[in-house]
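Chemist: Sequence isn't available, so here's the structure alone:
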């Protein structure tokens, strides 16, 4: 554009417009406007001409119902990649591979990772994809929780980073229903991590560094996640020794995420192996569970005779009330951090009470309380190994049934049925499950219940229960108990 020397203001006129001439058909492309004065660019007619030209193509497309694709462009049909209901949540955790039509385009590859982020190792497209599954994938509650508390961001050591990538690959393998221990990629990543740690363990300076602690902690996370009790024992023993040499667990206070994961790993291993936790409860990192209001009778506390166990069971009732109230305001089952902050501490408190020092009744209550917590954690998507606890419960129950006076079948009978139901629904070994199912059927028959719903509502839920837990397991137990009653007593159990 140019400005005239006399400064006269003229109306803007296009280069192909003549007064009174018929309008030529519009051509797609550029249109040029000539001005003799800069102020003409702000004139109303100029703005109208610009808008008309810009919108002409849009109006034409709307009229024709067609969308023209510019030359050299590629059109992709992404309809099948977009979730139809992204806000919907599944009622229960599912480890199966989701349908491809339900995977959004952001899950393809590693597009959600920050390309400018500094990683402890050199990354390529595959490792970025693995890291994306770990930090942003929707499949694993443990991954989501660790990501939310900042644990993965705190891993700056190459060995620890390689191990969390190995765990991510192992989880991908599990989702494909393939043996986790046979994944070459996971094995290669974990081997590199172990070699890196072993090289530094002989160094008197590096063998107690934060990087070594974080790396071994990632090994512990892997073994506890996949219920590897022997592997967990090796790594937890090593971690305990290194932390002792550093001066105690207080040396990790500057890293709250690492401290929380240490507490979580220690408690999980202690549950799987039925041992006492190695590390103390970090009170400064966890909230206090509000006490349960009301004075209605609590059947478990009435049956409890041991002081430390009684305190833990009171906490369990308070936790149960908190979980019951939370779903009224939000979807608590999707909040893994809630489970870490409120559920794991109660489990830790129960594990501090040594099984060997309890009589059969208290031992059964302690084990039953921990199995009830395991049932709640399943609803949060954490399926922890229960084999040893089931066997301990069976041993305690067998001794209790020989000594207990069950005349009248009052509150004691309700607690017994509650324990039998937990043992039945959480048993993975066939022999244990058959024994608990048989005992469940026998006690329901002796107590005189006429239907399954009557037995569950009249006894089990009166002791301690949340409606959302073990839904499928209870239905399966119902079928097994009904079949047992048909064989033993000649009638089905409705």
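Modeler: Great, that's in hand. Since this is a predicted model, take the numbers as computed values, not measurements. Residues are numbered from 1 along each chain as shown.
Chemist: mind listing the strands for the protein?
Modeler: 13-14, 33-34 (DSSP state E).
Chemist: and the ones you listed, which one's lowest on average pLDDT?
Modeler: Here those differ in mean pLDDT, and the lowest is strand 13-14 at a mean of 39.
Chemist: show me where the stretch 151-300 of the chain has helices.
Modeler: Secondary structure of the stretch 151-300 of the chain (DSSP state H, counting those that start in this stretch): helices at 158-175, 184-201, 210-225, 229-246, 256-273, 299-303.
Chemist: With mean pLDDT as added columns, please give these in CSV.
Modeler: Listed next are the helices of the stretch 151-300 of the chain as CSV, based on pLDDT from 0 to 100:
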stretch, mean pLDDT
helix 158-175, 96
helix 184-201, 94
helix 210-225, 95
helix 229-246, 95
helix 256-273, 96
helix 299-303, 91
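Chemist: Can I get the ones you listed in TSV including mean neighbour count and distance to residue 139?
Modeler: No exception for glycine: its C-beta is placed from N, CA and C like everyone else's. Listed next are these as TSV, based on neighbours: other C-beta atoms under 10 Å; distance: least, C-beta to C-beta, whole Å:
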stretch	mean neighbour count	distance to residue 139
helix 158-175	23	6
helix 184-201	16	16
helix 210-225	24	13
helix 229-246	16	22
helix 256-273	22	19
helix 299-303	17	35
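Chemist: For the ones you listed, give me CSV that also has distance to residue 423.
Modeler: Formatted as CSV, those follow (distance: least, C-beta to C-beta, whole Å):
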stretch, distance to residue 423
helix 158-175, 27
helix 184-201, 34
helix 210-225, 23
helix 229-246, 20
helix 256-273, 16
helix 299-303, 16
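Chemist: Out of the ones you listed, flag the one nearest residue 377.
Modeler: Proximity to residue 377 (C-beta to C-beta) singles out helix 256-273 among the helices of the stretch 151-300 of the chain, at 9.6 Å.
Chemist: Would you map out the domains in this structure?
Modeler: Taking automatic domain parsing as the reference, the chain has its domains at 13-64, 121-285, 299-489.
Chemist: How far off centre is stretch 251-264?
Modeler: With C-alpha atoms, centre = their mean, to the nearest Å as the basis, stretch 251-264 stands 19 Å off its chain's centre.
Chemist: Not counting it itself, show me its contacts.
Modeler: 146, 149-151, 153-154, 210, 213-214, 217, 221, 239, 243, 249, 279, 281-282, 285, 340, 344, 348 (C-beta atoms under 8 Å, 6 or more residues apart in numbering).
Chemist: hmm, try it at 6 Å
Modeler: Contacts with stretch 251-264, where a contact means C-beta atoms under 6 Å, 6 or more residues apart in numbering, come from 149, 150, 151, 154, 217, 282, 285, 344.
Chemist: Got a quick ChimeraX command for the buried subset of these?
Modeler: The buried residues among the contacts of stretch 251-264 can be selected in ChimeraX (16 or more other C-beta atoms under 10 Å) with this line:
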select :149,151,154,217,282,285,344
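Chemist: Now tabulate the contacts of stretch 251-264 in JSON lines and tack on distance to residue 429.
Modeler: JSON lines is the format used below for the contacts of stretch 251-264 (distance: C-beta to C-beta, whole Å):
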{"residue": "149", "distance to residue 429": "34"}
{"residue": "150", "distance to residue 429": "38"}
{"residue": "151", "distance to residue 429": "33"}
{"residue": "154", "distance to residue 429": "38"}
{"residue": "217", "distance to residue 429": "31"}
{"residue": "282", "distance to residue 429": "34"}
{"residue": "285", "distance to residue 429": "36"}
{"residue": "344", "distance to residue 429": "25"}
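Chemist: Farthest-apart pair in the contacts of stretch 251-264, please.
Modeler: 154 and 344 (19.0 Å).
Chemist: Quick one, which of the helices of the stretch 151-300 of the chain gets closest to residue 361.
Modeler: Nearest of those (C-beta to C-beta): helix 299-303, 7.0 Å.
Chemist: from the chain's centre, how far out does the closest one sit?
Modeler: That offset, for helix 299-303, works out to 32 Å (C-alpha atoms, centre = their mean).
Chemist: and residue 200, how far is that from residue 248?
Modeler: Per C-beta to C-beta, to the nearest Å, residue 200 is found 21 Å from residue 248.
Chemist: what about the stretch 351-494 of the chain, any weak spots by pLDDT?
Modeler: Filtered on pLDDT under 70, the stretch 351-494 of the chain yields the residue ranges 403-411.
Chemist: same deal with the stretch 1-150 of the chain?
Modeler: 1-31, 35, 38, 54-115.
Chemist: So residue 194 versus residue 219, what's the distance?
Modeler: 8 Å.
Chemist: And for residue 343?
Modeler: Counting by C-beta to C-beta - residue 343 and residue 219 are separated by 24 Å.
Chemist: I'd guessed residue 277 sits against residue 270; true?
Modeler: Yes - using C-beta atoms under 6 Å, residue 277 is in contact with residue 270, at 4.4 Å.
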